[in-house]
Structure formats: C-alpha cells, structure tokens
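Asks: sharing a model that was predicted from the sequence below.
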Amino acid sequence: MPSSGSAVSAKKTESQRILSIPVRPYHDITPGEITRSLAKPGCGFELRLIQEAALTAIKECRGGFFPIGVGHGKSFIACLAASVLECDFAIIFAPASTVRQLQEQYDDLRAHFRLVPARIMSYATLSQPKGTTLLTELVERYSADKVVLVCDEAHRLKRLESARTKRIIRFMRANPKVSFVALSGTMTSKSLRDFSHLAELCLRDNSPVPRDRYHLNCWSECIDVDGRPGQTEWRQLGPLAKWAGMD
C-alpha cells in the first residue's frame with residue numbers, strides 16, 4: 001500500500017527493485033482466447049486485442065494499471081475484470097456522469113459473458129463521510145481475495161489529499177487481499193505523483209514507480225514537466241537511465 005517513506009537502507013534499492021520487475025510483452029497473446037474463456041454460448045461479441053491483453057494482464061498480475069487511451073473500450077475491461085480473476089464480487093467506481101451508461105453496458109454484457117455480481121457507484125459516494133463504511137459493508141460477506149475494486153477514470157483519485165483517495169487507500173490497507181484495477185485515458189497531466197499511489201495499489205511490489213517518498217521525489221524532479229533536478233536526483237535515476245541505454 002502507499003507508504004509515507006522508507007528507511008535509509010531501502011532508498012538504495014528502490015530503483016533496483018523496479019528494474020528487476022519482469023517485462024512481459026502482451027502483443028503476442030492469442031487473439032480471442034479471453035473472449036472464448038468468458039463467453040456464453042452464442043456470444044455476439046469479440047473483444048479487441050487491447051482488451052484481451054489488459055484482461056490477460058489482470059489475470060496474471062491479480063490487478064492492473066492501465067493508462068489506455070480514450071475510445072479503446074476500457075468499460076469492457078472494467079466489467080470483465082472480476083470474471084477473469086474468478087472473483088465473487090466487483091466494486092466499480094466511475095464518474096457520476098457515466099455510472100448509468102456503465103451499468104447499462106454491464107447489464108447488456110451479461111447476455112454474452114459470464115459476469116459476477118457488481119456494484120457500480122460514482123466517486124461522489126466516496127467523498128461522503130460514510131464512504132469507508134460503505135466499502136467495508138460491501139465486501140464483508142465475501143472472502144477478500146475474491147473481491148476486486150475497479151476504478152474507471154482513475155485519475156479522479158490522483159490527489160492524495162482528497163477524501164475519496166484517502167478512503168480508498170484506507171480500505172485497501174485494511175483489505176490487502178482485495179485486487180485493484182485502475183483505468184484512465186488521462187492518468188497524469190504532468191507528474192509521477194499523480195499516479196504513483198495508484199500503481200502501487202494495483203501492482204504492489206511490481207509497481208514500476210517508486211513507492212517511497214525519497215525516490216519518488218528524485219524521479220519526479222528528473223521526469224516531471226516542471227522538474228528541476230540536481231546531481232542528487234540524477235544520481236538516483238542513474239540505474240533507470242542505464243537500463244534505457246542512456247549515458
């Protein structure tokens with residue numbers, strides 16, 4: 001879960017942790033494999049390759065962080081994530097303006113794919129004082145490892161100071177076995193800090209972004225639009241630059 005900082009010894013290893021994460025190309029998946037595994041007889045849909053790749057990654061990683069562009073079918077991924085994970089229940093958050101549309105799409109998909117029970121809600125629900133209690137009540141009847149929390153337009157959670165983001169993090173800390181999937185076509189506008197906590201919620205030890213504050217600040221100064229790196233920051237980014245073939 002997102003951390004507030006790490007010990008000095010951990011600061012020496014965070015970049016190396018990231019560089020040791022296996023790189024798995026998903027362009028070589030078998031087209032239609034996920035569709036066939038989830039489809040009901042007579043299914044009238046064929047998932048796009050990017051949807052199949054995302055769902056394959058969710059299955060393999062028990063979660064997923066997907067900065068997928070607008071118009072590539074993120075709603076299908078949101079609806080099918082629980083099925084590919086073989087979960088018993090899905091909690092799906094979306095902007096208030098798209099909740100009804102996403103619910104209708106979910107209902108339509110049930111005629112074609114094996115879907116599990118889901119509760120689709122707006123982020124505004126999380127902003128209310130009862131937000132954390134609501135999440136807890138929704139999952140208390142299921143085993144935590146059989147629940148997935150999916151956040152469509154996940155950039156709505158980029159501010160760590162917001163009540164909705166704090167409630168999501170608090171819930172995930174209390175329920176670490178719950179899987180987490182984040183989807184957005186605009187995951188960030190200018191900073192790694194916009195999504196570092198989301199990447200960690202999704203991928204835990206396999207997050208490709210620094211998890212401790214010191215390394216995150218160093219990487220941000222070197223990579224962010226408004227970054228102002230000094231020698232200390234460049235030195236911390238050195239292993240990444242070497243991995244990328246830069247001098």
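Replies: Received, thanks. Numbers count the residues shown, from 1 in each chain.

Asks: what residue ranges in this structure score low on pLDDT?
Replies: Low-confidence segments of the chain (pLDDT under 70): 1-12.

Asks: in the chain, which spans are strands?
Replies: Applying DSSP state E to the chain gives strands spanning 63-66, 89-94, 118-122, 147-152, 179-183.

Asks: can you add mean neighbour count and give the ones you listed back as JSON lines?
Replies: C-beta coordinates here come from the backbone N, C-alpha and C atoms, glycine included. Listed next are the strands of the chain as JSON lines, based on neighbours: other CB atoms under 10 Å:
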{"stretch": "strand 63-66", "mean neighbour count": "24"}
{"stretch": "strand 89-94", "mean neighbour count": "23"}
{"stretch": "strand 118-122", "mean neighbour count": "19"}
{"stretch": "strand 147-152", "mean neighbour count": "26"}
{"stretch": "strand 179-183", "mean neighbour count": "26"}
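
Asks: ok, which of the ones you listed comes nearest L216?
Replies: Across those, L216 has its closest neighbour in strand 63-66 (15.5 Å, CB to CB).

Asks: before we move on, back to that, as JSON lines, the strands of the chain with distance to K40 would be great.
Replies: Listed next are those as JSON lines, based on distance: least, CB to CB, whole Å:
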{"stretch": "strand 63-66", "distance to K40": "24"}
{"stretch": "strand 89-94", "distance to K40": "18"}
{"stretch": "strand 118-122", "distance to K40": "17"}
{"stretch": "strand 147-152", "distance to K40": "20"}
{"stretch": "strand 179-183", "distance to K40": "22"}
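
Asks: stretch 47-56: how far from the chain's middle?
Replies: Here stretch 47-56 shows a centroid-to-chain-centroid distance of 15 Å under the convention CA atoms, centre = their mean, to the nearest Å.

Asks: then that stretch to PDB, C-alphas only?
Replies: Only the C-alpha atoms of stretch 47-56 are listed here, as PDB (Å, rounded to 0.1, in the frame of the first residue of the first chain):
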ATOM      1  CA  LEU A  47     -13.100  -8.400 -27.600                       C
ATOM      2  CA  ARG A  48     -10.400  -6.100 -29.100                       C
ATOM      3  CA  LEU A  49      -6.800  -7.100 -28.800                       C
ATOM      4  CA  ILE A  50      -6.100  -4.400 -26.300                       C
ATOM      5  CA  GLN A  51      -9.000  -5.500 -24.200                       C
ATOM      6  CA  GLU A  52      -7.800  -9.100 -24.300                       C
ATOM      7  CA  ALA A  53      -4.200  -8.000 -23.400                       C
ATOM      8  CA  ALA A  54      -5.400  -6.000 -20.500                       C
ATOM      9  CA  LEU A  55      -7.600  -8.800 -19.100                       C
ATOM     10  CA  THR A  56      -4.800 -11.300 -19.600                       C
END
